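Asks: 3D model of this:
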Amino acid sequence: MTTKVNVLIDGGFFYQKFFEIHKKYPSHKDVISEVNNAISLVKTKTNGETNDILLRIYYYDCRPFGEKVKNPNGSGYIDFSGSKTFKTKTIFLKNLCKEEKMALRIGELSFDGWKTDLHNHSKLKPDFKQKGVDMKVGLDMAWMATKKIVDKIVLIAGDSDFISPIKFVRKEGIQVYLYTMKHYVKESLIEHCDFILS
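Replies: I've put the predicted structure just below:
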């Protein structure tokens, strides 16, 4: 039996977790490599009982913040569009959307002022907040379930905020595979998934 699989990636989680593991930020090819690994693990779990076909990859993220804000020390402005982080992330997302079967879902990144750096208390760092990303994941999962788009969803994430949409799609008959990239996740998240990929 052929089953259709969508892979949903929490981009903020993926980008940071990849950096923690490999000490470098991912390229678009690294995303595809992790997706291929996840699909291989799905096939291992099904033990040849189904023919699992990747239908599409959904990558949820925000474009980097590229505006000017007032310098916290009071002298002039800081232009984030000139930062290495801005340029690297922009190129990453631009290349990622060109990959086959890839769909980008973009939320908003807001600047909420300055906060103390945990590693250097005498230093301030920008406080960015993602808006709309988790909601887009949940809405897409509900849409996939109600429209019977796929049979299985692989969720690359570590946030227990996804429990509600996971419970919904499972009630609609979709199997949910959680790919944590070896990140510790709460027991409550594990309990509501059909399979854990590691």
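Asks: lowest-scoring secondary structure element of this protein by mean pLDDT?
Replies: Sorting the helices and strands of the chain by mean pLDDT, DSSP states H and E puts strand 120-131 at the bottom, at a mean of 87.
Asks: now what about the helix or strand residue 178 falls within, what contacts it?
Replies: Assigning secondary structure by DSSP states H and E places residue 178 in strand 175-179. Applying C-beta atoms under 8 Å, 6 or more residues apart in numbering, the set of residues contacting strand 175-179 from outside is 34, 38, 41-42, 45, 151-157, 166, 169-170, 185, 189-190, 192-198. The C-beta positions use only the backbone N, C-alpha and C, and glycine is treated the same way.
Asks: again, 7 Å this time
Replies: 38, 42, 151-156, 166, 169-170, 189-190, 193-197 (C-beta atoms under 7 Å, 6 or more residues apart in numbering).
Asks: ok, now which ones touch residue 56?
Replies: With contact set as C-beta under 7 Å, 6+ apart, residue 56 has these partners: 6, 101, 103.
Asks: just the buried members of these?
Replies: Neighbour counting over these (16 or more other C-beta atoms under 10 Å) leaves residue 6 as the buried ones.
Asks: which of the contacts of residue 56 fall in strands?
Replies: When those are checked against strands (DSSP state E), the matches are 6, 103.
Asks: nearest to residue 80, of the contacts of residue 56?
Replies: residue 103 (26.5 Å; C-beta to C-beta).
Asks: what's the closest non-adjacent residue to that closest one?
Replies: The shortest distance from residue 103 to any residue other than its chain neighbours is 5.1 Å, reached at residue 58 (C-beta to C-beta, 6 or more residues apart in numbering).
Asks: the helix or strand harbouring the one you found to strand 120-131, inter-axis angle?
Replies: Secondary structure from DSSP H and E places residue 58 in strand 51-62. Here strand 51-62 runs at an angle of 120 degrees relative to strand 120-131 (axes from the mean of the first three to the mean of the last three C-alpha atoms, to 10 degrees).
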